[in-house]
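> no sequence on this one, just coordinates:
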C-alpha cells in the first residue's frame, strides 16, 4: 500500500513538473520596462516595451491602435526569449520575438499591415553617456598687496 501511494505521488510529480515549469515562465518579465530603439524603413524611433500582468505593451504600437497582448517566455539560464503577437481591430498584426539578457532586450518585429509585410529590429537604448565632471572651480585671485 505504501509503495503504491509513493508510486502515485512520484508519478504525479513527474507529470506535473513540466506544467509547473511552463507556468513559472509565464509572466516572468512582468514589472519590467525596456527603453528601446526600433529600426524601421523610416529610420530609428524611440519606444518602450512594458510587461505587466502577462501582457506586453509597445508604446508606439499602442498609439497605432495595437493594445497590449499576452506574451510567452522560455528561460534558459540567464537568457529569456519572449514572443507576442499584437493585433489591431483592422486585422493587422505585429509579431514580436526578442531575447532578454540581464537588463537588455533585442529582437525583431514582423508587421503585417494593410496586406503589406515589413520587418523591424529593436534593441535596448544605450545607457546615457556618463555625465561629464564639473569643471574645477577657478583658482582664487591672489590678495592685493597691502600698502601703508
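Structure's in. What do you need? Not measured: the values here are computed from a predicted model.
> could you pull out the helices for this protein?
Secondary structure of the chain (DSSP state H): helices located at 2-25, 59-63.
> low pLDDT regions in this structure?
1-27, 128-140, 142-148 (pLDDT under 70).
> again, only using 50
Across the chain, the ranges flagged by pLDDT under 50 are 1-24, 129-131.
> please enumerate the strands of it.
Along the chain, counting by DSSP state E, strands occupy 33-40, 43-52, 55-58, 69-76, 79-87, 93-101, 104-113, 116-124.
> most tightly surrounded among those strands?
strand 55-58 (a mean of 21; mean count of other CB atoms under 10 Å). From N, CA and C alone the C-beta is placed, and that goes for glycine too.
> so which elements touch that one?
strand 43-52, strand 69-76, strand 79-87, strand 93-101 (3 or more CB pairs under 8 Å, 6 or more residues apart in numbering; DSSP states H and E).
> run through who's touching the first one.
By CB atoms under 8 Å, 6 or more residues apart in numbering, the surrounding residues in contact with strand 43-52 are 27, 29-38, 56-60, 68, 71, 96, 98, 105, 122, 125.
> spit out the contact partners of the closest residue to residue 65 other than its chain neighbours.
Take residue 65 and drop its neighbours on the chain: the residue closest to it by CB to CB, 6 or more residues apart in numbering is residue 88, 4.2 Å away. With contact set as CB under 8 Å, 6+ apart, residue 88 has these partners: 64-67.
> of those, buried ones?
With burial judged by 16 or more other CB atoms under 10 Å, the buried subset of these is residue 66.
> could you dump the contacts of residue 88 to a markdown table with distance to residue 115?
Converted to a markdown table, the contacts of residue 88 look like this (distance: CB to CB, whole Å):
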| residue | distance to residue 115 |
| --- | --- |
| 64 | 16 |
| 65 | 16 |
| 66 | 17 |
| 67 | 21 |
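> which of the contacts of residue 88 lies closest to residue 82?
Set against residue 82, the nearest of the contacts of residue 88 by CB to CB is residue 66 (16.2 Å).
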